[in-house]
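# give me a 3D structure for the following:
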Amino acid sequence: MSEATPQTPPSIPITVFTGFLGAGKTSIILSLLPRLPEGYKVVLLKNEFGDVEVDSQLAKQSNLTAVSEILNGCMCCVLVGQMENALLEIREKFRPDRIIIECSGSAFPATLAFQIRELERKTMNDLKLDAIVTVIDAENFIGYEDASPTARMQASYSDIILINKWEHVTEQQLDVLIDHVNTLNDTTPKIRSSRRKGL
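Okay, the predicted model is just below:
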């Protein structure tokens, strides 16, 4: 009788949420967590000081195994080594089903993707980039996009663009926003966020 070979555990997908400060990244993550299957372990790696009340809500989420923070700088530039170390530590300590990275408002998604792909290589695909999701604030994007090359880059380098706070603008304003975002990135799906009441 031949011995069964040990099965390689599945890769840990890493989903990166980018978007300008105040776009609603944390609220969207909060709204997604309860939709995950029972027992599905998620670790959130945050790269900015959050709202205390929202962070305490995050800590209470049953699907959230841990919240880890990297502060005092942006992980896509000055904190490059810290992000790698944090992801490796999360893998060793928790072995979650998924890692969600919530970036600071100034993060460059292409730089983060490059770093995670390097980590994929180093871990032989045990840690793997799943998607970069850019959250856009429908009320304010055109204003800060005009003033910030970072906002333009976040919209142009993304796998999914989630349009948040769309219910606060008219259909015409939303059409103008989507046309505007399409000039930056016409291939990425644009999805209106769907949030639970109370968030």
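# now Ile142: how far from Val43?
Ile142 sits at a distance of 34 Å from Val43 (criterion: C-beta to C-beta, to the nearest Å). Where you see a C-beta, it was placed from the backbone N, CA and C, and this is true even at glycine.
# which of the two has more residues huddled nearby?
Counted by other C-beta atoms under 10 Å, Ile142 and Val43 do not tie: Val43 has more neighbours, with 25 against 16.
# mind listing the residues bridging to that one?
Listed beta-bridge partners, Val43: Ala66, Ile99 (assigned using DSSP bridges).
# that one and Leu36: what is the separation?
Look at Val43 and Leu36: by C-beta to C-beta, they are 13 Å apart.
# residue contacts, the nearest residue to Lys128 once chain neighbours are set aside?
Nearest residue to Lys128, sequence neighbours excluded (C-beta to C-beta, 6 or more residues apart in numbering): Ser11, at 4.3 Å. By C-beta atoms under 8 Å, 6 or more residues apart in numbering, Ser11 lies in contact with 125-128.
# rerun that using 6 Å as the cut-off
125-126, 128 (C-beta atoms under 6 Å, 6 or more residues apart in numbering).
# can you map out the strands along the protein?
Assigned by DSSP state E, the chain shows strands spanning 12-18, 42-46, 64-69, 98-102, 127-137, 160-164, 190-192.
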